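Enquirer: no sequence for this one, just the structure:
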């Protein structure tokens, strides 16, 4: 391991390199631009390619194409750019294309405040493209975690043949911290599964027992059809009910069946809390500071921090929420994960603490919100 003092954006870039990413396509957008700028300098030195395209639509389509050419690929953007990428994100879902999309959140709607932070893209990254699907979403709260979860995002993308979203924000993007960068062989890196059958027996969308089809890429001698319509195991368009149900159910269940390895939370002061704060990303840093302030004043508070925002393992959320007298949902938006916590918690136990702040929320604002209810 090598310790480096880097920003969250650079940590994402380094995590992608560690994971084996060798093609980056993007378009400049605040506050994600440093990822592309850093990779433009470093990726060519190790045999990779960084390309700036004319817009975000071209960027994500290039990522999909590069992935089908056999290269681990990534793009990064912010909310307005992600809005432009959503149609192609659906293409990546139905064609089961491994890819990582980084969304560094900023204030919105529309162009909002480009240089300020937010946590308002939660629903967009979960449900932004149309149709039925499940896309894994990870949310770091530090530069180190930006590095670690980027590696995890690539591992999940490759093992499940799915796009994965890393949901950062402007605070994490520009936060400089010490980060441990792994040397080759020090962390597990997953590569996509290749066909074990000869080309004449290969069906591009025939799954193994884990519901994930082995993936042949262009130029390997296999017949590969990348079809955006509902398709059978050959990749041919087929519009009957049985084919539709089979394909969509498998795309969803191949992710949900691995929820134990996808879903991650961390808890703080979880041994004796009476009041539980639930948060994620940069806001969780303030929430943890608020918990410590509350405990010093005799209020037994704890923190549940979501590292995975989608899919959620409701049994775990329910377990921690049931042990609290009150659950305060702390997020820098008008209320997004609030609905998930309300879904698993009975009665009027859940208290929303939405903090529409252009900076990282102050611990004092969270403390005052908790005390108001107590």
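Expert: Done, it's in. Keep in mind it's a predicted model, so treat the numbers as computed, not measured.
Enquirer: pull out the buried residues from stretch 351-368.
Expert: For stretch 351-368, a neighbour-count test (16 or more other Cβ atoms under 10 Å) marks 351, 352, 353, 354, 355, 357, 360, 361, 363, 366, 367 as buried. For glycine as for every other residue, the C-beta is placed from the backbone atoms N, C-alpha and C.
Enquirer: just the endpoints, please. Distance across it?
Expert: This stretch, stretch 351-368, spans 13 Å end to end (Cα to Cα, to the nearest Å).
Enquirer: ok, back up a step: farthest pair within the buried residues of stretch 351-368?
Expert: The span of the buried residues of stretch 351-368, defined through Cβ to Cβ, is set by 351 and 360 at 20.8 Å.
Enquirer: quick one on the thing from earlier: and of the buried residues of stretch 351-368, the nearest to residue 259?
Expert: Residue 259 lies nearest to residue 352 out of the buried residues of stretch 351-368, by Cβ to Cβ, at 25.7 Å.
Enquirer: residues touching that closest one, list them.
Expert: Neighbour list for residue 352: 329, 335, 338 [criterion: Cβ atoms under 8 Å, 6 or more residues apart in numbering].
Enquirer: the helix or strand where the first one lies pairs with which strands?
Expert: With secondary structure defined by DSSP states H and E, residue 329 is part of strand 326-331. Each strand that strand 326-331 pairs with, and the sense of that pairing, follows from DSSP bridges: strand 275-280 (parallel), strand 350-354 (parallel).
Enquirer: possible to save these as TSV with distance to residue 155?
Expert: Formatted as TSV, these follow (distance: least, Cβ to Cβ, whole Å):
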stretch	distance to residue 155
strand 275-280	20
strand 350-354	33
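Enquirer: a markdown table for those, including distance to residue 372 and mean pLDDT?
Expert: Shown next, in a markdown table, are the strands paired with strand 326-331 (distance: least, Cβ to Cβ, whole Å; pLDDT from 0 to 100):
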| stretch | distance to residue 372 | mean pLDDT |
| --- | --- | --- |
| strand 275-280 | 12 | 98 |
| strand 350-354 | 9 | 97 |
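Enquirer: how about residue 137, phi and psi?
Expert: The phi and psi values for residue 137, taken as degrees, to the nearest 10, are phi -130, psi 130.
Enquirer: distance between the ends of stretch 341-361?
Expert: Stretch 341-361 has an end-to-end distance of 20 Å (Cα to Cα).
Enquirer: all numbers from here: first residue = 19
Expert: Okay, using 19 as the starting number, the last item reads as stretch 359-379.
Enquirer: returning to that earlier point: closest to residue 117 among the buried residues of stretch 369-386?
Expert: residue 378 (29.4 Å).
Enquirer: apart from its neighbours in sequence, what residue is nearest the closest one?
Expert: residue 189 (4.8 Å; Cβ to Cβ, 6 or more residues apart in numbering).
Enquirer: residues in contact with the one you found?
Expert: Counting by Cβ under 8 Å, 6+ apart, residue 189 touches 135, 299, 300, 377, 378.
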